[in-house]
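Engineer: Predicted model and sequence follow; I will ask about them next.
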Amino acid sequence: MALNGSAAGPRAIRHIGLTGGIGSGKSTVAALLLECGAWLVDTDAIARALTQPGGAALAAIAAAFGASMIGADGALDRARMRQQVFADAHAKALLESILHPLIGAQAAREADAAGPGQVVVFDVPLLAESAHWRARVERVLVVDCHEDTQCRRVMQRSGWSEAATRAVIAQQAPRAQRRAIADAVLYNEGITPAQLAVELRLLWALWVGEGCGRAAGAGAVEQSPPAPRAPP
């Protein structure tokens with residue numbers, strides 16, 4: 001674990017931004033934060049809900065990209081959209097202009113559901129690209145590993161080809177850009193899940209001021225662990 005010099009201090013914090021590249025282990029860290037008593041706001045899960053059948057973003061997406069972008073099941077055709085936005089920066093910006101305000105509004109509603117004094121963790125894959133999200137949190141935690149490790153993990157869980165996996169990784173912020181905005185970096189490389197958990201709990205004690213599992217307080221709201229991450 002690496003700490004930015006400004007990340008230490010006695011003041012307990014209540015809003016943490018969590019980010020990391022695909023395959024970094026960010027979802028594992030999110031589950032560990034839940035065990036510590038945090039309230040998790042998963043913006044990727046919100047984005048998926050917005051584009052499922054009946055989702056609030058579908059009408060605007062169909063208007064902007066055509067009804068053919070909606071699959072026979074009534075959900076966004078994610079594979080087709082991914083292909084288009086990877087090849088066209090304007091299409092990517094247009095999709096983000098539709099989704100990001102809706103995601104932000106729903107994230108605020110979910111954060112309001114936290115218990116009194118409960119630490120809120122915003123899981124934001126694009127946090128490094130967004131000054132808006134960095135302004136909403138007091139600390140940024142980045143989960144990091146080598147790109148080859150990312151690629152191997154994603155290929156194992158999704159069945160994608162190496163070329164497709166590396167294309168997704170290339171669309172995300174470079175590792176150096178994520179680390180540059182971090183108050184702390186968890187290097188999820190060459191360590192066991194148990195060792196990762198130990199590092200996370202040490203960081204929690206430093207930032208929150210309590211042992212893992214105690215800082216949420218009597219009014220804390222419990223959540224179920226996040227579902228396994230599906231391919232984007």
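Structural biologist: Now that the structure is in, tell me what you want to look at.
Engineer: Kindly confirm my reading that L202 is in a strand.
Structural biologist: No - for L202, which was evaluated using DSSP: H, G, I helix; E, B strand; the rest coil, the result is helix, with no strand membership.
Engineer: nearest residue to it other than its sequence neighbours?
Structural biologist: Leaving aside its chain neighbours, L202 sits nearest to M1 (7.1 Å; criterion: Cβ to Cβ, 6 or more residues apart in numbering). C-beta coordinates here come from the backbone N, C-alpha and C atoms, glycine included.
Engineer: what's the next secondary structure element after the helix or strand bottoming out on mean pLDDT in the chain?
Structural biologist: Comparing helices and strands within the chain by mean pLDDT, DSSP states H and E singles out strand 2-3 as the least confident, with a mean of 76. Using DSSP states H and E, the next helix or strand after strand 2-3 towards the C-terminus is strand 15-20.
Engineer: Name the residues of that next one that are buried.
Structural biologist: Buried positions in strand 15-20, judged by neighbour count with 16 or more other Cβ atoms under 10 Å: I16, G17, L18, T19, G20.
Engineer: Could you point out the helix or strand that follows the longest helix anywhere in the chain?
Structural biologist: Selection of the longest helix in the chain by residue count, based on DSSP state H, yields helix 89-111. Moving toward the C-terminus from helix 89-111, the next helix or strand (DSSP H and E) is strand 120-123.
Engineer: pretty sure the residue nearest to L202 contacts E199?
Structural biologist: Yes - here M1 lies in contact with E199, judged by Cβ atoms under 8 Å, at a distance of 4.6 Å.
Engineer: circling back to that earlier point, greatest separation within the buried residues of strand 15-20: which pair is it?
Structural biologist: Checked with Cβ to Cβ, these reach their widest spread between I16 and G20, with 13.0 Å between them.
Engineer: Which parts of the protein are helices?
Structural biologist: Along the chain, the stretches classed as helices by DSSP H are 26-36, 43-50, 58-65, 78-87, 89-111, 131-136, 147-158, 162-171, 175-180, 193-208.
Engineer: chain center to the third one, what's the gap?
Structural biologist: For helix 58-65, the distance between its averaged C-alpha position and the chain's averaged C-alpha position is 24 Å (Cα atoms, centre = their mean, to the nearest Å).
Engineer: Equivalent analysis for the fourth one, please.
Structural biologist: Mean-position distance between helix 78-87 and its chain equals 20 Å (Cα atoms, centre = their mean).
Engineer: Over to the first one?
Structural biologist: When C-alpha coordinates are averaged (Cα atoms, centre = their mean), helix 26-36 and its chain have centres 11 Å apart.
Engineer: tell me what that helix is packed against?
Structural biologist: Other elements packing on helix 26-36 under the criterion 3 or more Cβ pairs under 8 Å, 6 or more residues apart in numbering; DSSP states H and E are strand 15-20, strand 39-42, strand 120-123, strand 139-144, helix 193-208.
Engineer: Ok, which of those comes nearest G54?
Structural biologist: Each of the helices and strands packed on helix 26-36 has some distance to G54 by Cβ to Cβ; the shortest is strand 39-42, at 19.3 Å.
Engineer: Report all helices and strands that the closest one contacts.
Structural biologist: Using 3+ Cβ pairs under 8 Å, 6+ apart as the contact criterion, the secondary-structure elements in contact with strand 39-42 are helix 26-36, helix 89-111, strand 120-123.
Engineer: one more time with 10 Å
Structural biologist: Using 3 or more Cβ pairs under 10 Å, 6 or more residues apart in numbering; DSSP states H and E, the elements in contact with strand 39-42 are strand 15-20, helix 26-36, helix 89-111, strand 120-123.
Engineer: The first one relative to strand 139-144, how many degrees between them?
Structural biologist: Inter-element angle recorded for strand 15-20 and strand 139-144: 20 degrees (by axes from the mean of the first three to the mean of the last three Cα atoms, to 10 degrees).
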